[in-house]
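Engineer: need the 3D shape of this:
(2 chains)
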Amino acid sequence: MSGALLVRALRDPTTTRELDAAGWTGLIAAARAEQILGTLAHRLHGLPMPATVERILADARATAEQGRTLALWEAEMAAQALLPLGIPVVLLKGTAYVAAGLSAGQGRSIGDLDILVPRDRLDAVEAALLAAGWEWVKPDAYDDAYYRRWMHELPPLIHRERDRMIDVHHTILPLTARPSPNADALLADSVPLANGLCVLSAEDMVCHAVAHLFADGDLAGGLRNLWDIHCLLDAFEAPEALARLRARASLHQIATHLERALRLGQALYGEGARLSATDRLYVRRLLARDGWGRPTARATRTAFYLRSHLLRMPPGMLARHLWTKWRKGHRVTP
Amino acid sequence: MRHVFQLRIGPVGFRVGADWREPIETLAALYDDYPKPHDGIPDFSVRLFAARRWRRWVRPSITIGGDYVLPDAAPLPLPLGLLAAEMGMNLQMALGQRRYLLLHAATVARDGRALLMTGVSGAGKSTLAALLMARGWRLMGDEFALLDPATGLVHGFPRLVSLKNQAIGVVEQALPAGRFGPLQPDTPKGDIRHLKPDAASVAAMDVPAQPAAILFPSFGHAPDVRPVPPAETFVRLTQASTNYVGLGERGFDALTHLVATVPAQAIDYPDTQTAVEMVERLWEQAA
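Structural biologist: Prediction:
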């Protein structure tokens, strides 16, 4: 199983000494499929390895570096569009990690730009972005209305010249999800950067990553998201720091998710942890990749896919939503 | 994957896996004397698979996957397996290659110096490259030129030459002893037949060449030759590159160096025979 191989190489890079050509091939394929090759390349840098692997990983580091430049540039463009509004604009996820120079940002692939703004200023933010060259992606009226009523973000916008997507969040979980994180506290305790943009406080960064991975979605990209959490947790080694983090997770109503993240992070990337039977299902889902980068464990994946929908909305609402999507001919199976 | 073939084309190693035997057998037969990937570790994997299990047998349909994929790419019927494998390898290069600046160009070489021919699809790049190979040029590739930002040299990528429609008959006549793949009719791009590069071109695949001339051929006009200034060449080549943006500053530096040191010309031609003669005449004038 190449998922396990990937996790082992990230946890202890020296174990890659034992790999033969097939092992390296599987490791690289799995890392590409999980979009974590850049991170792996940083972890393995300087260790002995075949020349071909060295070349592939050097390319991955260069790609991540270029991605970092582009992500920071995109953040700068958003700052220019939004700073006149005089509201806090908080960078989230990958862009925040590289903007704040955190180890979680090393080699990380970054897709869209994610920002958090006060909910009562969404209209002004949207107008400013539209004026600065961003456009709506979703032309479908149902999707658009659904986003605006129930989601934690505006319908995605894409910049017409730079072709980059921006997700404008007003909180970190859909409004239909059971936990409701405290968005005011997220904004109030955010930390300003030199360019006028902000990032979440260290505690809230972990809370967001945890909420994103365990309370929203089917764990796709989970190995990378769990790696993010594992790196961010470096700042919480002291017991009092960890206590602060736990209190903050309670405030955001994701305390049990945080505990699971701590256990799974330790189990996969740390010193190991005692896992419950449910935890083992999560591990099974996270590691489900073969030597070609293909998803395996179909039943487990389907179960987590269904779980993701039940997490996001109450069953009655889910049924109505799926019915509408199905009638419109949208794809509703994984 | 059930059936697997590994090969190296120029500096790039591939692993191609398929749910079916046929595409892999065709691929292995045509690439029989190509080397294996360095260290046995491919740069890219390509997967040819049935999106639904039963589509392996009933109206078999090949979905193209791999390390890098385009969402919503249309599947191909099984008889187009070789085309699917070639498209899969192209896709990995277009989306995943970060070592070399990729120029959508056919490249031939003589005496260690390379001639890059680039233009829109249908400009006749592949046909010209195949005909020049028939006249003793070394074929470096009909689809991608690999420009190394570190050295300014072009690396060969001599995959099978993809000939379309009328070009098939023209090249079959010019190369009666050439090794051709199966005729693949009714593809999304019409009829396609692959031609294997000659033994000398395959044997020289690891030798890079100094770029010496850039041509922008254009089919269907009275013969004409015009110089193309460096600034225009630069813009045209950024549009002919799939990874110019992805390479960032390295790509910019490589391309500015190329257009500043290598002359470029646009040539119009009414038929391929005229084009071949024009190219060889221009090459002799430049030498």
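Engineer: switch to C-alpha atoms for all contacts and neighbour counts from now on
Structural biologist: Fine.
Engineer: and stretch B:59-74, how far out from the chain's middle?
Structural biologist: 20 Å (CA atoms, centre = their mean, to the nearest Å).
Engineer: does that stretch come close to chain A?
Structural biologist: Yes - interface with chain A: stretch B:59-74 contributes B:66-67 (CA under 8 Å from any CA of the partner chain).
Engineer: in that stretch, what counts as buried?
Structural biologist: B:60-69 (16 or more other CA atoms under 10 Å in any protein chain shown).
Engineer: now it: average pLDDT?
Structural biologist: Mean pLDDT, stretch B:59-74: 90.
Engineer: residue contacts, residue B:1?
Structural biologist: Residues in contact with residue B:1 (CA atoms under 8 Å, 6 or more residues apart in numbering or on different chains) are A:292, B:17-19, B:47.
Engineer: list the contacts of stretch B:12-25.
Structural biologist: By CA under 8 Å, 6+ apart, the list of residues contacting stretch B:12-25 reads B:1-8, B:36-38, B:41-50, B:56, B:78, B:81-82, B:85, B:89, B:157.
Engineer: pLDDT weak spots in the stretch 1-150 of chain A?
Structural biologist: For the stretch 1-150 of chain A, applying pLDDT under 70 flags the ranges A:1.
Engineer: what does it put close to chain B?
Structural biologist: So the stretch 1-150 of chain A meets chain B at A:21-22, A:24-25, A:29, A:32-33, A:50-53, A:56, A:59, A:63, A:66 (CA under 8 Å from any CA).
Engineer: how many neighbours does residue B:100 have?
Structural biologist: By the criterion of other CA atoms under 10 Å in any protein chain shown, residue B:100 has 25 neighbours.
Engineer: quick one: it and residue B:149 touch, right?
Structural biologist: Yes - here residue B:100 reaches residue B:149: they are 6.6 Å apart, a contact under CA atoms under 8 Å.
Engineer: in the longest helix along chain A, what's buried?
Structural biologist: Counting residues, the longest helix found in chain A (DSSP state H) is helix A:51-82. Of all the residues in helix A:51-82, those buried under the rule 16+ other CA under 10 Å are A:52-54, A:56-72, A:74-75, A:78-82.
Engineer: equivalent analysis for stretch A:236-246, please.
Structural biologist: Buried residues in stretch A:236-246 (16+ other CA under 10 Å): A:236, A:245-246.
Engineer: what's the mean pLDDT across it?
Structural biologist: 96.
Engineer: ok now that stretch, how far from the chain's centre?
Structural biologist: The mean C-alpha position of stretch A:236-246 is separated from the chain mean by 22 Å, CA atoms, centre = their mean.
Engineer: for stretch A:123-135, same thing?
Structural biologist: 24 Å.
Engineer: how many residues are close by the nearest residue to residue A:66 once chain neighbours are set aside?
Structural biologist: The shortest distance from residue A:66 to any residue other than its chain neighbours is 6.3 Å, reached at residue B:248 (CA to CA, 6 or more residues apart in numbering or on different chains). Residue B:248: 17 surrounding residues under other CA under 10 Å.
Engineer: then residue A:109?
Structural biologist: Residue A:109: 22 neighbours (other CA under 10 Å).
Engineer: for the closest residue to it other than its chain neighbours, give me its contacts.
Structural biologist: The shortest distance from residue A:109 to any non-neighbouring residue, by CA to CA, 6+ apart, is to residue A:64 (6.0 Å). The contact partners of residue A:64, by CA under 8 Å, 6+ apart, come to A:38, A:107-109.
Engineer: take these and lay them out in CSV including distance to residue A:157 and secondary structure.
Structural biologist: Output for the contacts of residue A:64, formatted as CSV (distance: CA to CA, whole Å; DSSP: H, G, I helix; E, B strand; the rest coil):
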residue, distance to residue A:157, secondary structure
A:38, 27, helix
A:107, 26, coil
A:108, 22, coil
A:109, 20, coil
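Engineer: just the buried residues from those residues, in ChimeraX please.
Structural biologist: Buried members of these, defined by 16+ other CA under 10 Å, are picked up in ChimeraX with:
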select /A:38,107,108,109
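Engineer: make JSON lines from the contacts of residue A:64 and add distance to residue A:9 to it.
Structural biologist: Formatted as JSON lines, those follow (distance: CA to CA, whole Å):
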{"residue": "A:38", "distance to residue A:9": "13"}
{"residue": "A:107", "distance to residue A:9": "15"}
{"residue": "A:108", "distance to residue A:9": "16"}
{"residue": "A:109", "distance to residue A:9": "18"}
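Engineer: ok, so of the contacts of residue A:64, who is nearest residue A:229?
Structural biologist: Proximity of the contacts of residue A:64 to residue A:229 (CA to CA) peaks at residue A:108, which lies at 12.7 Å.
Engineer: distance check, that closest one against chain B.
Structural biologist: 15 Å (CA to the nearest CA, to the nearest Å).
Engineer: is that residue in contact with residue A:94, as I believe?
Structural biologist: Yes - between residue A:108 and residue A:94 a contact is recorded at 7.0 Å, counting by CA under 8 Å.
Engineer: so where's chain B uncertain?
Structural biologist: In chain B (pLDDT under 70), the answer is B:121-123.
Engineer: where does it come near chain A, residue by residue?
Structural biologist: B:1, B:38-43, B:45, B:66-67, B:98-99, B:246-248.
Engineer: now the residues you listed: which count as buried?
Structural biologist: B:38, B:40-43, B:45, B:66-67, B:98-99, B:246-248.
Engineer: quick one: contacts for residue 208?
Structural biologist: Looking at chain A here, since you left the chain open. Here residue A:208 is in contact with residue A:172 (criterion: CA under 8 Å, 6+ apart).
Engineer: let's do chain B instead
Structural biologist: Counting by CA under 8 Å, 6+ apart, residue B:208 has contacts B:112, B:153-156.
Engineer: can you tell me the helix or strand for residue A:42?
Structural biologist: Using DSSP states H and E, residue A:42 sits in helix A:37-44.
Engineer: just residue B:140 next, same as before
Structural biologist: Assigned by DSSP H and E, residue B:140 falls within strand B:138-141.
Engineer: then residue B:265?
Structural biologist: strand B:264-269.
Engineer: chain center to that strand, what's the gap?
Structural biologist: Counting by CA atoms, centre = their mean, strand B:264-269 comes out at 20 Å from the chain centroid.
Engineer: check stretch A:87-95 too.
Structural biologist: 13 Å.
Engineer: quick one: buried residues of that stretch?
Structural biologist: A:88-95.
Engineer: so which pair among the residues you listed is furthest apart in space?
Structural biologist: Of all pairs in the buried residues of stretch A:87-95, the most separated under CA to CA is A:88 and A:94 at 18.5 Å.
Engineer: measure the residue most central in space within chain A to residue B:217 for me?
Structural biologist: When CA atoms, centre = their mean is applied to chain A, the residue found nearest the centroid is residue A:225 (5.0 Å). Note on residue A:225: its distance to residue B:217, by CA to CA, to the nearest Å, is 49 Å.
Engineer: likewise for residue B:261?
Structural biologist: According to CA to CA, residue B:261 stands 20 Å off from residue B:217.
Engineer: more neighbours, those two?
Structural biologist: residue B:217 (22 against 13).
Engineer: contact partners for the closest residue to the more buried one other than its chain neighbours?
Structural biologist: Closest residue in space to residue B:217, ignoring its immediate chain neighbours: residue B:267 at 4.8 Å, by CA to CA, 6+ apart. Neighbour list for residue B:267: B:215-218, B:223-226 [criterion: CA under 8 Å, 6+ apart].
Engineer: now the residues you listed in CSV, with secondary structure?
Structural biologist: Output for the contacts of residue B:267, formatted as CSV (DSSP: H, G, I helix; E, B strand; the rest coil):
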residue, secondary structure
B:215, strand
B:216, strand
B:217, strand
B:218, strand
B:223, coil
B:224, strand
B:225, strand
B:226, strand
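Engineer: buried ones among the residues you listed?
Structural biologist: B:215-218, B:225.
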